[in-house]
Every structure is written in C-alpha cells, then in structure tokens.
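*Asks:* Pasted the sequence and its predicted model underneath.
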Amino acid sequence: MSNIKVFGGSSHPELVQEICRRLQIPVSKAKCTKFANGETNVEIQESVRGEDVFIVQVTFDPQSSINDHLMELLIMINACKIASAQRVTALIPNFPYARQDKKDKSRAPITAKLVANQLTTSGADHIITMDLHASQIQGFFDLPVDNLYAEPRVELWIRENVPQFENCVIVSPDAGGAKRVTSLADKLNTDFALIHKERKKANEVANMVLVGDVQGRPAILLDDMADTCGTLKMAADKLIESGATEVYAIVTHGIFSRDAIEKINSSKIKFIAVTNSMPQEKAMKQSNKIKIIDISGILAETIRRTHNGESVWKALSSRSNFF
C-alpha cells in the first residue's frame, strides 16, 4: 500500500507492531515524551505530507493516566494535520469516557461528547473504535465513525477453544447487553439468557436475577468491558447457583482496575478471555485464568479497507485472511 502511515502512541506498542506486520508496512516513527513539569511532547519523525495517516492509541495504562494518553492522541492528530497530512484517522479500540454518555442525574456532564468535540477540534477526519459501550456516541461526531465489533473473532475463538460450545448458553450480565448475546447465540446456534442487576452506585451491584435456563449446561458470560470485575464474579456465582456446570467469561476490553484480578482468581469463572485492545501482560502474570483473543487482524483489515475506499462492513461480516 502506498501513501499510508501508521503511527502508534506510547500506550500499546505491541498492538501497533502486530497491525503493521499484518499490513506488511513498517511502524511510522514518532516520539512521545514528557517535559519535567508533566506536559506531553510529541515529535513526528517522518514526513506525512499528502499521506493517509492512521494513529493507533489505547487510552489505558495502569501505571499512567487515561487523560495522559488522550492528550497524547490529540497532540499527535494535530501535529499530523498541521504537517499537511491528507487524512488523519484515529483508531481508538477502547473509546475513553464511553460510560459517561448521557445526563443521568442533575448537573451530570456528558463527557463522551466532550471527548468527541476534542477529537474533532484536534483535526481528526475519521474515528475507528470497537464495541462502543453506548452506540449513540457515534452521533456525537460530525465526521465518519466506524464502530467495529469483536464478535466475528470471538465467535471463531469460542469454536476453537470452548469444549462443547454447541451446548453452551450465552449470558449477558446486564439487560443492556441483550442484543450482543442474542447476535452471538444466533451465530453459534445456541441459547441465551440475561441477568438483571440492580446497582447501589457505580461499580457496586446490589442484587441479580437470572432470566433464562442454564441448568446442567456450561454458560458463557459476554460483556463489552470488565473493569472491577465485581459484576462478573457475582454473575458467575448466580449461574452456578442456578445449575450451570461451568462458567466462562468473554469481554472485549479488559480494564482490570483495583482488585479485579483477585476477584477473578477467587471467582467460579473457569477462564476469562479478553481481546488485546489493551495491554494484558501484567494481568496474565497475575492470573492463569486470563486468555487473549487477538483482534489485530480486524483492525489491520479495517485500516486496509479504509485506505483503499472499500466497505468496512465486509471486514466484519466475513472471515478474511487477516483473521
């Protein structure tokens, strides 16, 4: 491919390298550092004039700050734009502040909209993300947004790694994920169920009610993100209590904050599979229950199709060679 540059921020260099390996192009050179006072400094180390630029940035780092990586992304976008790049696409697998997508109480901010405004102002021409926590975030932008789905890769991973998957029940840990589990259950030709949860406050669940039958069958919990993992642990307890023989968990974005790994290790979950949308090396060292689903193929194929002006939907609806 000609006239294309793929840059990566400092958050997940392994993912950027794997994407570029699949595209058979080198990672474009950029240097991200900090001044003594904590300000972010970005240096684009090669020409981007007239190029189709893609910037891959994961807004997560247990040793740093989501805000640091978001600011780094904004600066990189602006640096490429004022250096005469033809188009700048921000590839953000886990969209930051996606859970703050609505005004659910008095004087509450809609921070996801604020982030959308910042990305637009910085000069981004196109946004690519994956499994948005709230699909309406796409409407916060006045520029093209592609919301990719990990489902094709998850389906293939289940077929290859979950024993007797034909007999499994796909379970959503909350009502909001009903569409996600029904879609996957249809593709696997199996049953689905969901869990209704009542929250006391954010990251704290008060009660759970299972809607569906898992008696004598393995259950696969499916969610878009795992943060503190309290919901997953309680959901696994509820499924075992309801007669499930085994419980697996599959999530797109493994955040694993606070004591999440301890909860996973002490839970009834046999294993939890997460995509590499975030770096998971530290989590895997702390728990042998964590498995990785590689999504670099989907991201690489999306970049290729976007650059060539092809349909991105076909990259999601068929198993390309990048898988």
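*Replies:* On my side now, so go ahead. Predicted model, so just to flag it, every value in this text is computed and none were measured.
*Asks:* buried stuff in stretch 78-85?
*Replies:* Residues of stretch 78-85 classed as buried by neighbour count (16 or more other C-beta atoms under 10 Å): 78-81, 85. For every residue, glycine as well, the C-beta is placed using N, CA and C.
*Asks:* buried sites along the top strand by length along the chain?
*Replies:* Identified as the longest strand of the chain according to DSSP state E is strand 191-201. Residues 191-195, 197 are the ones in strand 191-201 that count as buried (16+ other C-beta under 10 Å).
*Asks:* Pull the contacting residues for the nearest residue to residue 229 once chain neighbours are set aside.
*Replies:* Nearest residue to residue 229, sequence neighbours excluded (C-beta to C-beta, 6 or more residues apart in numbering): residue 260, at 4.1 Å. Contact partners of residue 260, counting by C-beta atoms under 8 Å, 6 or more residues apart in numbering, are 226-229.
*Asks:* Also residue 119?
*Replies:* So, once contact is read as C-beta under 8 Å, 6+ apart, residue 119 ends up touching 73-74, 77, 90, 127, 141.
*Asks:* how does it look with 7 Å?
*Replies:* Applying C-beta atoms under 7 Å, 6 or more residues apart in numbering, one finds that residue 119 lies in contact with 90, 127.
*Asks:* what do you get for residue 264?
*Replies:* If you count contacts by C-beta under 7 Å, 6+ apart, residue 264 has them with 229, 272, 287, 289.
*Asks:* Go through the strand or helix carrying residue 20 and flag the buried ones.
*Replies:* Using DSSP states H and E, residue 20 sits in helix 13-23. By neighbour count on 16+ other C-beta under 10 Å, the buried set for helix 13-23 is 15-20, 22-23.
*Asks:* Using PDB, write out every CA atom in the following helix or strand past that helix.
*Replies:* Using DSSP H and E, the helix or strand that follows helix 13-23 towards the C-terminus is strand 30-34. Extracted in PDB, the C-alpha atoms of strand 30-34 (Å, rounded to 0.1, in the frame of the first residue of the first chain):
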ATOM      1  CA  ALA A  30       7.100   9.200  16.300                       C
ATOM      2  CA  LYS A  31       8.500  10.100  19.700                       C
ATOM      3  CA  CYS A  32       6.200  10.700  22.700                       C
ATOM      4  CA  THR A  33       7.900  12.100  25.900                       C
ATOM      5  CA  LYS A  34       7.100  14.300  28.800                       C
END
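*Asks:* Walk me through which strands strand 30-34 pairs with, and which way each runs.
*Replies:* strand 40-44 (antiparallel) (DSSP bridges).
*Asks:* Would you map the strands across the stretch 1-150 of the chain?
*Replies:* Secondary structure of the stretch 1-150 of the chain (DSSP state E, counting those that start in this stretch): strands at 4-8, 30-34, 40-44, 52-56, 87-92, 126-130, 145-148.
*Asks:* just checking, what packs against the helix or strand containing residue 179?
*Replies:* For residue 179, the element it lies in under DSSP H and E is helix 178-188. When contacts are defined as 3 or more C-beta pairs under 7 Å, 6 or more residues apart in numbering; DSSP states H and E, helix 178-188 sits against helix 151-161, strand 169-172, strand 191-201, strand 219-226.
*Asks:* The shortest one - contacts with which helices or strands?
*Replies:* Right, the one you point to is strand 169-172. helix 178-188, strand 191-201, strand 219-226.
*Asks:* tell me what the last one is packed against?
*Replies:* What that stands for is strand 219-226. On a contact count with 3+ C-beta pairs under 7 Å, 6+ apart, strand 219-226 meets strand 169-172, helix 178-188, helix 230-241, strand 247-254.
*Asks:* Alright, that wraps it up for me.
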